[in-house]
Structure formats: structure tokens, C-alpha cells
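>>> Give me coordinates for this.
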Amino acid sequence: MALKDELARDLLEIKAVQINPDNYFTWTSGIKSPIYCDNRLTMSYPEIRKKISEAFAEKVAGMEEKPDVIAGCATAGIPHAAWLADQLNLPMVYVRSKPKGHGKGNQIEGNITKGQKVLVIEDLISTGGSSIDSAKALQAEGADVLSVFAIFTYGLKKASRQFAQTNIQFETITNFDELVEALVEDGKLTTNEKVELLSWRDSL
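Just a heads-up that it's a prediction; the model follows:
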């Protein structure tokens with residue numbers, strides 16, 4: 001079984017990702033959704049977080065240009081960025097959602113210098129807004145942002161549009177479609193429910 005398929009099932013098993021086509025969750029934005037994702041739970045499972053780091057490292061190995069620095073998006077991307085940076089023996093920084101309101105007013109914590117190639121690590125891509133903001137903050141400091149890597153994406157069209165508009169690349173280990181397919185293969189979701197779930201996602 002491919003690592004991404006293993007991780008799709010791992011996320012479902014620990015309830016980091018929950019899918020319920022009969023009883024929708026309410027996101028912070030107010031959107032009613034059959035899926036809820038909280039990848040922060042992966043921190044509590046050493047074997048799963050190791051798999052995530054390995055999957056990110058595999059993606060780095062396939063990059064034409066290699067990063068000089070790993071950057072974590074605050075807050076949920078930070079631990080995964082730290083584990084990956086440690087595995088690759090690379091420097092790490094993290095990016096706040098906005099500049100700190102006291103002290104030096106830093107938005108980026110750690111050392112970043114102009115021209116360094118940076119890989120941004122996020123736990124989840126929904127609309128892509130927070131990841132793109134982090135990438136832009138790094139670019140404003142003169143960094144060359146190679147890509148954004150995340151554990152999971154809902155696959156919303158808005159995310160693809162926003163990344164395309166800003167000319168920033170992104171990749172994820174697993175996604176909504178793969179999770180739904182895993183549930184069907186495991187007999188936990190009917191084909192009709194699969195169609196309904198994908199139709200919901202494509203409607204946003």
C-alpha cells in the first residue's frame with residue numbers, strides 16, 4: 001500500500017479527519033460540511049507523524065530545486081516543519097498569521113536571508129488563504145518560496161484558483177478524493193454516498 005493511502009486511513013482511524021454524510025459539521029466560516037479535519041491530532045501518534053515526515057521527505061527528494069530552509073505555518077504546521085527540518089538536517093523558521101504585537105514585531109521567527117529557497121509546511125489546505133499569506137510574508141523578506149506542502153486538502157476549487165493567481169505551487173500527501181475512495185474500498189461508504197460527497201465538494 002502506498003504511503004499516501006496508509007496515511008489516508010491513519011487520519012480516518014484517529015479521527016483527525018471525520019466524514020459524516022448524514023450529519024454535517026459546521027466550519028468556523030459557517031459552511032455546512034460532511035467533513036471535518038483536525039490534523040493537530042497527529043502530534044499525539046508518533047508512528048503517524050513519522051509517516052507524515054517521511055511522505056514530505058519523499059516529495060522533497062523529487063523536487064528539482066531543493067529547499068535551504070523549512071518554514072512552518074503557525075500554528076499547526078510548526079511541529080511537522082520541525083520534524084521534517086530535523087530529518088533533512090535543514091534550518092527552520094515559522095511564520096505567524098500576522099506580525100507580533102510586541103517586542104520586535106516579527107512575523108517570521110528564525111533566520112531567513114534574501115535568496116534562500118524555502119519550502120512551506122502546512123497541516124491543511126482549505127481555501128489556501130493562510131498558506132498563501134505565509135508564503136507572501138516569506139517572499140517579502142526576499143525568500144524564494146519553492147512550494148507549499150500540506151498533509152491534506154479538501155480539494156476546493158477556490159484553493160486551486162488562489163494558488164494559481166499567486167503563482168505559488170502546492171502539493172499534499174493525501175486529499176478528500178483519496179479518503180472517500182478509501183472509505184468505499186473499506187465498505188464504510190456506499191458509491192451513492194461517494195457521489196454525493198464529491199458533488200458537495202465540487203459545489204463550493
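>>> show me where the protein has helices.
With DSSP state H, the ranges of helices along the chain come out as 3-13, 46-61, 78-88, 129-140, 157-166, 176-185, 191-203.
>>> Nearest approach to residue 39 belongs to which of these?
helix 3-13 (7.2 Å; CB to CB). All C-beta atoms are positioned from the backbone trio N, CA, C, and that covers glycine.
>>> ok, and what's touching the closest one?
The contact list for helix 3-13 (CB atoms under 8 Å, 6 or more residues apart in numbering) reads 16-19, 37, 39, 42, 45, 48, 51-52, 54-55, 58, 151-152, 173-174, 178-179, 182-183, 186.
>>> among those residues, which ones are buried?
Among these, those scoring as buried are 16-17, 19, 37, 39, 42, 45, 48, 51-52, 54-55, 151-152, 173-174, 178-179, 182-183 (criterion: 16 or more other CB atoms under 10 Å).
>>> how far away is the closest residue to residue 120 other than its chain neighbours from residue 119?
With CB to CB, 6 or more residues apart in numbering as the criterion, residue 120 has its nearest non-adjacent residue at 4.4 Å, and that residue is residue 148. For residue 148, the distance to residue 119 equals 8 Å [CB to CB, to the nearest Å].
>>> Could you do residue 39 as well?
18 Å.
>>> for residue 129, same thing?
From residue 129 to residue 119 the distance is 19 Å (CB to CB).
>>> ok, how many other residues are close to the closest residue to residue 93 other than its chain neighbours?
Closest residue to residue 93 apart from its sequence neighbours, by CB to CB, 6+ apart: residue 110 at 3.2 Å. Counted by other CB atoms under 10 Å, the residues lying close to residue 110 total 15.
>>> If I follow the layout properly, residue 110 ends up in contact with residue 91?
Yes - contact criterion CB atoms under 8 Å: residue 110 and residue 91 qualify, at 7.1 Å.
>>> what residue is smack in the middle of the protein?
residue 150 (2.3 Å; CA atoms, centre = their mean).
>>> and residue 74, what is it in contact with?
Contacts of residue 74 by CB under 8 Å, 6+ apart are 94, 95, 96, 97.
>>> Now do the first one, the pLDDT please.
Right, the one you point to is residue 94. Looking at residue 94, its pLDDT is 98.
>>> Might one say that it is in contact with residue 70?
No - Residue 94 is beyond contact range of residue 70, at 9.4 Å (criterion: CB under 8 Å).
>>> who touches both of the two?
Counting by CB under 8 Å, 6+ apart, the residues touching both residue 94 and residue 70 are residue 81.
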